[in-house]
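Visitor: Fold the following for me, if possible:
(2 chains)
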Amino acid sequence: GESVGLHLPTLSVQEGDNSIINCAYSNSASDYFIWYKQESGKGPQFIIDIRSNMDKRQGQRVTVLLNKTVKHLSLQIAATQPGDSAVYFCAENVQGAQKLVFGQGTRLTINP
Amino acid sequence: DTAVSQTPKYLVTQMGNDKSIKCEQNLGHDTMYWYKQDSKKFLKIMFSYNNKELIINETVPNRFSPKSPDKAHLNLHINSLELGDSAVYFCASSLSYRGDEKLFFGSGTQLSVL
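Guide: Numbering: from 1, shown residues only, chains lettered A, B, ... in the order given. Below you'll find the model as predicted:
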């Protein structure tokens, strides 16, 4: 069935370090993956996305890696800043499903 | 200009009441959604509409009735509110209903049923 899970519900990193948030998915027919950031009291904000024909995509301070062999997705945030504190969600679209299915989220906290 | 705006931001009401949440998007998108986020932050799709036509109804109780008067608006009416309806409801929009493109979310409506 469709499901998106996370290895760690919480992640605490030092300011300036790199953060890696992981996500596992179960459906090999998933063709699109996306990461969102949700700050307290706000709606989810788009960070970066990747299609299944790619392994890696980079944005500003963020990189998404897709390993289709083990059905694993990760979000890397370089030089983590206090403003990166939020809950991060991965989501997937199964081909033809016409919807994004979200994982439970990882809370990222930044230590000064 | 807010791309996806929903009102109200907070809604506190008694069990058994009927309430509505409104959503509007000015992005020119064809597709709009309602998602429900529970207390554990889990986001689950409820409905999607494409150009006023229902695309997805994710086995939501029929006490929830979405209405899309035009493609820029998607409202959610809830009858006979129950305690379990307490959650944050997010409206979102996307270019199309394909599902393989990013969603733009509103800021959420926190519904508390007492």
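Visitor: can you tell me which residues contact residue 16?
Guide: Assuming you mean chain A. A:A79, A:T80 (C-beta atoms under 8 Å, 6 or more residues apart in numbering or on different chains). Every C-beta, even on glycine, is put in place using the N, C-alpha and C of the backbone.
Visitor: could you do chain B instead?
Guide: Each residue near B:G16 by C-beta under 8 Å, 6+ apart is listed here: B:S80, B:L81.
Visitor: Checking it next. Helix, strand or coil?
Guide: Here B:G16 is coil, with the state taken from DSSP: H, G, I helix; E, B strand; the rest coil.
Visitor: Chain B contacts on chain A?
Guide: A:31-32, A:34, A:36, A:38, A:41-46, A:49, A:51, A:87, A:89, A:91, A:93-102, A:104-105 (C-beta under 8 Å from any C-beta of the partner chain).
Visitor: where do the strands sit along chain A?
Guide: For chain A, strands defined by DSSP state E occupy the ranges A:4-5, A:10-14, A:19-25, A:30-38, A:45-51, A:56-58, A:62-67, A:72-77, A:86-94, A:101-102, A:106-111.
Visitor: Switch those strands over to CSV; also include mean neighbour count.
Guide: Shown next, in CSV, are the strands of chain A (neighbours: other C-beta atoms under 10 Å in any protein chain shown):
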stretch, mean neighbour count
strand A:4-5, 17
strand A:10-14, 14
strand A:19-25, 20
strand A:30-38, 23
strand A:45-51, 17
strand A:56-58, 13
strand A:62-67, 18
strand A:72-77, 20
strand A:86-94, 24
strand A:101-102, 22
strand A:106-111, 17
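Visitor: Which one, of those, ends up nearest to B:H29?
Guide: Closest approach to B:H29 among the strands of chain A (C-beta to C-beta): strand A:45-51, 13.5 Å.
Visitor: can you give me the offset of that closest one from its chain's centre?
Guide: Counting by C-alpha atoms, centre = their mean, to the nearest Å, strand A:45-51 is centred 8 Å from the centre of its parent chain.
Visitor: At the contact with chain A, which residues of chain B appear?
Guide: When proximity is defined as C-beta under 8 Å from any C-beta, chain B approaches chain A at B:4, B:33, B:35, B:40-45, B:48, B:55-56, B:58, B:90, B:92, B:97-108.
Visitor: Make a PyMOL selection of whichever of those residues turn out to be buried.
Guide: Selection of buried members from these for PyMOL, criterion 16 or more other C-beta atoms under 10 Å in any protein chain shown:
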select buried, chain B and resi 4+33+35+41+43+45+48+55+56+90+92+97+98+99+100+101+102+103+104+105+106+107+108
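Visitor: any weak-confidence spans in chain B?
Guide: Segments of chain B classed as low confidence (criterion: pLDDT under 70) are B:1.
Visitor: So for it, the centremost residue is which one?
Guide: Compute the mean C-alpha point of chain B, and by C-alpha atoms, centre = their mean the closest residue is B:W34, 2.9 Å away.
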